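Engineer: fold the following.
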Amino acid sequence: MTAPKLFHLRQGTGRLVVSVPHAGTYIPADIAAGMTPAGRAAIDTDWHVDALYKFAHGLGATIIVATHSRNVVDLNRAPDGGKLYPGQAETGICPTETFDGAPLYAGNAPSPAARAQRVHTYWQPYHDALAACLARTCAAHGHAHLLDAHSIRTRVPRLFDGALPDLNFGTNDGAACTASLAARVVQSAAELAADRGFSHVLNGRFRGGYITRHYGRPADGVNAIQLELAQRTYMDDAASASDGLSRIAPVFDADRAAPLIEILHCVVAELSRP
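Structural biologist: Numbers count the residues shown, from 1 in each chain. Just a heads-up that it's a prediction; the model follows:
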């Protein structure tokens with residue numbers, strides 16, 4: 001298989017940039033060769049998140065979507081490997097295990113030199129492009145809004161207790177986005193979400209990863225919000241089989257996704273407002 005570009009970028013004319021760092025599934029052959037079946041299956045992918053936000057470009061948003069799997073390098077982690085949630089289970093810049101704790105590598109994990117090379121080859125180009133998108137948007141509009149788009153299984157006992165709320169907004173406890181904008185965005189989704197039977201939370205278990213925390217600087221004109229979706233809102237995310245392989249390329253359920261996309265449309269529209 002010919003390696004795809006590291007990311008797909010659709011430049012928009014509005015003030016919103018949508019980042020989709022974890023929907024990619026491609027793993028280069030030399031990396032895949034050392035992985036377990038679970039590692040090659042990329043079972044912790046943010047499945048189909050790019051499809052959920054396909055409409056956003058029509059509202060003027062710039063959209064950047066990574067093509068490579070987070071198992072190669074995690075674009076939403078700090079390049080130095082620093083933890084997001086000290087004291088809680090999480091995966092690193094070059095993950096070595098699944099969310100459930102199963103090994104990604106059949107032998108040795110990537111060495112420090114290999115991790116540094118992956119950051120240089122795969123991580124840095126995405127962030128250079130994202131930073132350039134935000135700079136262009138700020139130059140055109142005086143400020144920019146960043147929506148970092150994610151999804152995860154509704155139940156991952158190793159990471160959080162019970163079922164995750166359906167819509168998980170994160171602003172790094174208010175440091176990445178002004179309180180007024182965060183309130184407007186959450187409110188834009190809340191009524192319709194409740195009507196559709198979806199729950200939501202702001203700064204719960206997921207408060208925003210590296211992208212939200214690094215780029216979200218309201219004083220410098222960039223407000224950033226992460227939205228982590230429970231995957232039950234748009235596909236069947238039944239518990240994985242014991243070997244983790246039952247989740248290979250789950251099918252996108254357009255009928256199930258339709259109410260969610262209505263809600264996402266409200267979020268994108270609010271973030272796109274002058």
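
Engineer: do a quick rundown of the helices in this structure.
Structural biologist: All helices of the chain, identified by DSSP state H, fall at 29-32, 37-41, 49-52, 112-118, 124-141, 179-195, 210-215, 254-272.

Engineer: show me what the mean pLDDT comes to for the fourth one.
Structural biologist: Mean pLDDT, helix 112-118: 97.

Engineer: one more: the last one?
Structural biologist: Taken as a whole, helix 254-272 has an average pLDDT of 97.

Engineer: quick one: that helix to helix 179-195, angle?
Structural biologist: Angle, helix 254-272 to helix 179-195, by axes from the mean of the first three to the mean of the last three CA atoms, to 10 degrees: 160 degrees.

Engineer: I'd like the helices of the chain written out as JSON lines, with distance to G101 and mean neighbour count added.
Structural biologist: Heads up, the C-betas are built off the backbone N, CA and C, glycines and all. Conversion of these to JSON lines gives the following (distance: least, CB to CB, whole Å; neighbours: other CB atoms under 10 Å):
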{"stretch": "helix 29-32", "distance to G101": "20", "mean neighbour count": "13"}
{"stretch": "helix 37-41", "distance to G101": "11", "mean neighbour count": "21"}
{"stretch": "helix 49-52", "distance to G101": "23", "mean neighbour count": "20"}
{"stretch": "helix 112-118", "distance to G101": "20", "mean neighbour count": "14"}
{"stretch": "helix 124-141", "distance to G101": "27", "mean neighbour count": "16"}
{"stretch": "helix 179-195", "distance to G101": "31", "mean neighbour count": "16"}
{"stretch": "helix 210-215", "distance to G101": "22", "mean neighbour count": "22"}
{"stretch": "helix 254-272", "distance to G101": "28", "mean neighbour count": "18"}
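
Engineer: out of those, the one nearest D74 is which?
Structural biologist: The closest approach between D74 and any of the helices of the chain, judged by CB to CB, belongs to helix 210-215 at 8.3 Å.

Engineer: run through who's touching that closest one.
Structural biologist: Contact with helix 210-215 is made by 19, 21, 75-78, 84, 130-131, 134, 146, 148, 170-172, 175-176, 222, 224-226, as judged by CB atoms under 8 Å, 6 or more residues apart in numbering.

Engineer: among these, the buried ones, what's the ChimeraX command?
Structural biologist: Remark: buried members of these, expressed as a ChimeraX selection using 16 or more other CB atoms under 10 Å:
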select :19,21,75,76,77,78,84,130,134,146,148,170,171,172,176,222,224,225,226
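
Engineer: among the contacts of helix 210-215, which ones are in strands?
Structural biologist: 19, 146, 148, 170, 222, 224-226 (DSSP state E).

Engineer: and those residues, which two are the farthest apart?
Structural biologist: G170 and V222 (15.3 Å).

Engineer: tell me how far C177 lies from R115.
Structural biologist: 30 Å (CB to CB, to the nearest Å).

Engineer: want to throw the helices of the chain into CSV with distance to G162?
Structural biologist: Written out in CSV, the entries for the helices of the chain read as follows (distance: least, CB to CB, whole Å):
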stretch, distance to G162
helix 29-32, 34
helix 37-41, 24
helix 49-52, 23
helix 112-118, 33
helix 124-141, 33
helix 179-195, 19
helix 210-215, 24
helix 254-272, 20
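
Engineer: alright, I will stop here.
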